[in-house]
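*Asks:* Fold the following.
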Amino acid sequence: MKNLVTVSFPAKAETLDQLKELLKAALPDTRSFAGCISVSTYIEESSNTVHLIEDWETLDHQAEYLSWRVETGLLELLEPLLEGGAASLKATICGPEHTDI
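*Replies:* Okay, here's the model as predicted:
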């Protein structure tokens with residue numbers, strides 16, 4: 001991995017299927033966005049949380065992508081589906097692997 005980013009989407013129990021459908025529709029654009037190397041999806045069933053494991057060429061690419069998603073209204077679509085609304089979305093920007101540890 002060049003630059004690791006994880007994003008967690010804690011769905012309301014009754015909206016997990018809707019969240020999965022929304023992400024299924026949105027992730028092709030993520031995967032084709034400039035600088036995106038890959039996006040893998042995992043679901044933590046016990047907490048209704050969808051986790052994305054993303055790899056980006058640079059963190060600048062990821063920041064541009066995030067700005068684009070905000071501008072195009074994805075957070076507004078996520079708001080009613082997430083436990084705690086869009087504010088509960090958690091992104092962890094790790095960056096490059098540290099091979100010296």
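
*Asks:* How many neighbouring residues does Thr15 have?
*Replies:* By the criterion of other C-beta atoms under 10 Å, Thr15 has 17 neighbours. The C-beta positions use only the backbone N, C-alpha and C, and glycine is treated the same way.

*Asks:* again but with Val7, I slipped
*Replies:* Val7 has 18 nearby residues by other C-beta under 10 Å.

*Asks:* In contact with the residue nearest in space to the middle of the chain, which residues?
*Replies:* Nearest to the mean C-alpha position of the chain, by C-alpha atoms, centre = their mean, lies Val7 at 4.1 Å. By C-beta atoms under 8 Å, 6 or more residues apart in numbering, the contact set of Val7 is His51, Leu52, Glu54, Leu89, Lys90, Ala91, Thr92.

*Asks:* Now the helix or strand hosting it: average pLDDT?
*Replies:* In the assignment (DSSP states H and E), Val7 maps to strand 4-10. The pLDDT scores in strand 4-10 average 98.
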